[in-house]
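Enquirer: pasting a predicted model and its sequence here:
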Amino acid sequence: MTAGSTAGAERPATVTLRMPTSAPPPCPRCGTPVLLVARYPHCWHNRSGARVDGLRESVLCPGCDSGDPAADGLLALFTGAEAGTETGIDRHGPAVPGEFASRLDAWLTAVRRRVPHEAARAAEAEEARWRAGEL
């Protein structure tokens, strides 16, 4: 499933979604099989100020993302955890497509803004050691 959106005033961004049903990939954080994989364009500016374009992947994990306000609504659709509603996702897709789209958009907005703080700090520390001639 592919959805188009606009990233600011720049080029249109394409988000590719995979909902693996057989042999889902493991969550990189905990190893639990994931429910959804989203791949989307991502860019940053390097130290010289040049723009670097690439792709980024985020996964929806029932273990790690439970309790995250941005993911809880989407997780409820996958697990059918919404009491008294018929809004779950089955092999035919979501019971209420608009519900899926709005919850997916909220989750994607949140995960696109996240920065891996620990990884960034570790990379900065390693670069500092490299510049100091320690590596």
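Expert: Everything's here; your move. Here the structure is a predicted model, which is why all the values come from computation and not from measurement. Numbers count the residues shown, from 1 in each chain.
Enquirer: least trustworthy helix or strand in this structure by mean pLDDT?
Expert: For the chain, the helix or strand with the lowest mean confidence is strand 2-6, at a mean of 41 (criterion: mean pLDDT, DSSP states H and E).
Enquirer: now find how far off-centre the helix or strand that that strand is followed by is within its chain.
Expert: Scanning forward in sequence from strand 2-6 by DSSP states H and E, the next helix or strand is strand 12-18. Put simply, strand 12-18 sits 11 Å off its chain's centre (C-alpha atoms, centre = their mean, to the nearest Å).
Enquirer: okay, buried residues for the helix or strand following strand 12-18 please.
Expert: Using DSSP H and E, the helix or strand that directly follows strand 12-18 along the chain is strand 36-45. Across strand 36-45, burial judged by 16 or more other C-beta atoms under 10 Å covers Leu36, Val37, Ala38, Tyr40, Pro41. Every residue, glycine included, has its C-beta placed from N, CA and C.
Enquirer: give me the most central residue, this structure.
Expert: With distances taken as C-alpha atoms, centre = their mean, the chain has Ser58 as the residue nearest its mean C-alpha position (2.7 Å).
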